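Enquirer: structure for this input, please:
(one chain, ligands or ions: 1)
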Amino acid sequence: MQPEATTSAGAERLNPLGCLVKSTTDRGRGVYASRFIPRNTIIEISPVLLFSKKEYEAHGKYTLLDHYTFIWTEGRMALALGLGSLFNHTDPPNVSYIRDANTESIKYVAARDIEAGEELCIFYGQNLWFSPAGQLPSNNEADLDDGWGGLSAVEDNDGSTSLNPSTMNPYIEGDPEEIIPEEDLPFVRFKLPPEEEEPHTIRTTKAWVVDVADPRLITTLLKWIKQAGLEGPELGHLKRIRKHEGTTTLLLSMAPEPPQLPKDLNLPDPYLLSVPSSSALTLPSLNLKSELWPTMYTPRRKDEPEPWTRHKLRWAWDAMKKTVDTAINAQAENDELPVAAHIPTPYVFPGATEIESSALSFLASDTRRSTHHPLRHSSINAIRYLADYRASQDPRNDRLEKDAASSESSLGEPQNGTNYLLTDRTFFVTHEPCIMCSMALLHSRVKEVVYLYPMPLTGGCGGSACLPTLKGVNHRFSIMQWKLGSDYAKFSNKTIEIDAKTDA
Ligand SMILES: C[S@@+](CC[C@H](N)C(=O)[O-])C[C@H]1O[C@@H](n2cnc3c(N)ncnc32)[C@H](O)[C@@H]1O
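Expert: A predicted model of the protein is given here:
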């Protein structure tokens, strides 16, 4: 039993996780949890100060720093800044640490669930230079230095060792650029049916056309169409001329009234005809639509499944883990439903240096209970956070206020497309989004949705309905379900399943 620790004055909540530094009677200062910390939570990322071997041998080892430095790479010694140097030793520890040579930092991660008030301790190794308080000193001759200055509890950034292999990112090890075969992916991709249109679903509209018996008049008529301003974009998905059973017909306009044709050409009266109201996305649709009127063919990019590298899976796993942890925390700390959504910073290839500065990540839990608001689902909350952030960054908001004050707006309407919130973004969510949330995702033009728990009774991504496959919707997104129960789905030892009838 360790003696009671006292909090240093002004040392409260020293990092974003609210860790405290307290003084103990037998081991100096230590780091303490001020609240429950679930396993695998990142507690602290400490940058390190590096000393060359020469510098350490000549000076460092004769100073107080010797209690704090540890072996880094290439014979250098490292001093962790931030809280990193204040974790005391224990065996077994409740905190593991991961050195990252690339960022010259060390990441401290909860090795198990940690209760509020517990001291956060790491494992220094077997060869201690002090008698550990509260534990018997090790007399075991076989307990040798591990050759790393006793850093055997460290996980290097290549993931070679880990205190907690079962819940660590399983994509850390191995060639980051290797493309993972479809059957080995940690999720199942939903195959959306091709966007073909059946005869009864083709939407049509009425357009004025005229039969032209003398094909030599066509050129004159095309010029006249231009001069008469009948080249509007509403007909851009259709061809102008149809040759059908020996008759040439010209498309004129969609105006309510028939156009006044040049009298000298002696043409018959125009008449209304049903024509497709949009271009054809697939070849079968093209054939069907062209039976009504020759239609433009605008195939979408072929829906080939995107290859996933190990590096990208590493990103996705971390993103899903963060989502799960948020759901667990929301329940543990605020008694919310354990549902969370996450819009991570978009994936970047290894070696890519620039991340779009506007592409921040957004994380939200369900807040229906605390706000007594039935629509505060986690997906809606996450989209709203992003939207609020966008709005706060948009200079037009300031200008609009000023313009409103001067009652003379110089601003036009926002360009079409500029308000899509999730273009090219991957959306992670613990539970399959309900129909309302799926529609919000669709309206936001999300690229793909990845969820962990299917909601067969309420889900809008394949559960009770599949929103992106509905007729008439103007955007499709990919859907992936993480393979529950697989080795790749061990994000936590806590379960976050919710009632199947609940909307997520
Ligand atoms: C990296 S520092 C940890 C922070 C230190 N307690 C302080 O107040 O600055 C390492 C030193 O803490 C003390 N220490 C760490 N763990 C200990 C333990 N289990 N028992 C006794 N002393 C410990 C030892 O003096 C050790 O040299």
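
Enquirer: residues in contact with the residue of the chain at minimum distance from the ligand?
Expert: Nearest residue of the chain to the ligand (CB to the nearest ligand atom) works out as Gly28 at 2.6 Å. (Glycine included, C-beta is placed from N, CA and C.) Gly28 makes contact with Asn88 under the criterion CB atoms under 8 Å, 6 or more residues apart in numbering.

Enquirer: pull the helix or strand with minimum mean pLDDT from the protein.
Expert: Counting by mean pLDDT, DSSP states H and E, the weakest-scoring helix or strand in the chain turns out to be strand 154-156, with a mean of 39.

Enquirer: next, Asn381: phi, psi?
Expert: Phi and psi for Asn381, reported as degrees, to the nearest 10, are phi -60, psi -40.

Enquirer: quick check: it vs Thr326, distance?
Expert: Asn381 is 11 Å from Thr326, where distance means CB to CB, to the nearest Å.

Enquirer: hey, what's in contact with both of the two?
Expert: Common neighbours of Asn381 and Thr326, counting by CB under 8 Å, 6+ apart, are 364-365.

Enquirer: pretty sure Thr502 contacts Thr458?
Expert: Yes: Thr502 is within contact range of Thr458, at 6.8 Å (criterion: CB atoms under 8 Å).

Enquirer: C-alpha coordinates for stretch 452-467, PDB please?
Expert: These are the backbone C-alpha positions of stretch 452-467, laid out as PDB (Å, rounded to 0.1, in the frame of the first residue of the first chain):
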ATOM      1  CA  LEU A 452     -18.900  -1.300 -36.600                       C
ATOM      2  CA  TYR A 453     -22.300  -2.500 -35.500                       C
ATOM      3  CA  PRO A 454     -25.100  -3.100 -38.000                       C
ATOM      4  CA  MET A 455     -28.600  -1.800 -37.000                       C
ATOM      5  CA  PRO A 456     -30.900  -4.100 -39.000                       C
ATOM      6  CA  LEU A 457     -34.100  -2.500 -37.700                       C
ATOM      7  CA  THR A 458     -33.200   1.100 -37.900                       C
ATOM      8  CA  GLY A 459     -30.100   1.600 -40.100                       C
ATOM      9  CA  GLY A 460     -30.100   3.600 -43.300                       C
ATOM     10  CA  CYS A 461     -27.000   2.100 -44.800                       C
ATOM     11  CA  GLY A 462     -28.300  -1.300 -45.600                       C
ATOM     12  CA  GLY A 463     -30.200  -2.200 -42.400                       C
ATOM     13  CA  SER A 464     -33.800  -1.200 -42.800                       C
ATOM     14  CA  ALA A 465     -33.000   0.800 -45.900                       C
ATOM     15  CA  CYS A 466     -30.100   1.700 -48.000                       C
ATOM     16  CA  LEU A 467     -30.300   5.400 -48.700                       C
END
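
Enquirer: following element in sequence after the helix or strand in which Asp325 is found, please.
Expert: Asp325 is located in helix 310-334, with elements delineated by DSSP states H and E. Using DSSP H and E, the helix or strand that follows helix 310-334 in sequence is strand 340-343.

Enquirer: just checking, what packs against that following strand?
Expert: Applying 3 or more CB pairs under 8 Å, 6 or more residues apart in numbering; DSSP states H and E, one finds that strand 340-343 makes contact with helix 310-334, strand 362-365, helix 378-393, strand 426-431.

Enquirer: determine which stretch of these is the most buried.
Expert: Stretch with highest mean neighbour count among the helices and strands packed on strand 340-343: strand 426-431 (a mean of 27; mean count of other CB atoms under 10 Å).

Enquirer: got the residues of the chain near the ligand?
Expert: Residues of the chain lying near the ligand by CB under 6 Å from any ligand atom: 26-30, 67-68, 85-86, 88-90, 130, 132-133.

Enquirer: can you pull out the low-pLDDT segments for this structure?
Expert: For the chain, residues meeting the criterion pLDDT under 70 lie at 1-12, 126-127, 134-167, 193-198, 200-201, 232, 300-304, 350-359, 393-419.

Enquirer: again, only this time at 50
Expert: Confidence mapping of the chain against pLDDT under 50 gives the ranges 1, 9-10, 136-166, 353-358, 399-418.

Enquirer: now do the helices in it.
Expert: Ranges of helices in the chain, per DSSP state H, are 53-58, 217-227, 283-292, 310-334, 368-371, 378-393, 395-406, 435-443.

Enquirer: these: which one's closest to Pro186?
Expert: Evaluated with CB to CB, the helices of the chain place helix 310-334 nearest to Pro186, the distance being 6.6 Å.

Enquirer: what's the angle from that closest one to strand 426-431?
Expert: With axes from the mean of the first three to the mean of the last three CA atoms, to 10 degrees defining the directions, helix 310-334 sits at 40 degrees from strand 426-431.

Enquirer: centre of the chain versus the helix holding Asp325, how much separation?
Expert: How far helix 310-334 lies from its chain's middle: 10 Å, per CA atoms, centre = their mean, to the nearest Å.

Enquirer: do stretch 51-70 as well
Expert: Counting by CA atoms, centre = their mean, stretch 51-70 comes out at 43 Å from the chain centroid.

Enquirer: one more: stretch 425-436?
Expert: Distance of stretch 425-436 from its chain centroid, counting by CA atoms, centre = their mean, is 10 Å.

Enquirer: now do stretch 444-461
Expert: Distance of stretch 444-461 from its chain centroid, counting by CA atoms, centre = their mean, is 13 Å.

Enquirer: what residues of it count as buried?
Expert: Using 16 or more other CB atoms under 10 Å as the test for burial, stretch 444-461 gives 444-455, 458-461.

Enquirer: need the max-distance pair from these.
Expert: The span of the buried residues of stretch 444-461, defined through CB to CB, is set by Arg445 and Tyr453 at 24.5 Å.

Enquirer: return the residues in contact with Phe87.
Expert: Phe87 makes contacts with 30-31, 95, 108, 120-122, as judged by CB under 8 Å, 6+ apart.

Enquirer: wait, doesn't Thr469 sit right on Leu192?
Expert: Yes: with contact defined as CB under 8 Å, Thr469 counts as touching Leu192 (5.5 Å).

Enquirer: if anything else comes up later, I'll come back, but that's it for now.
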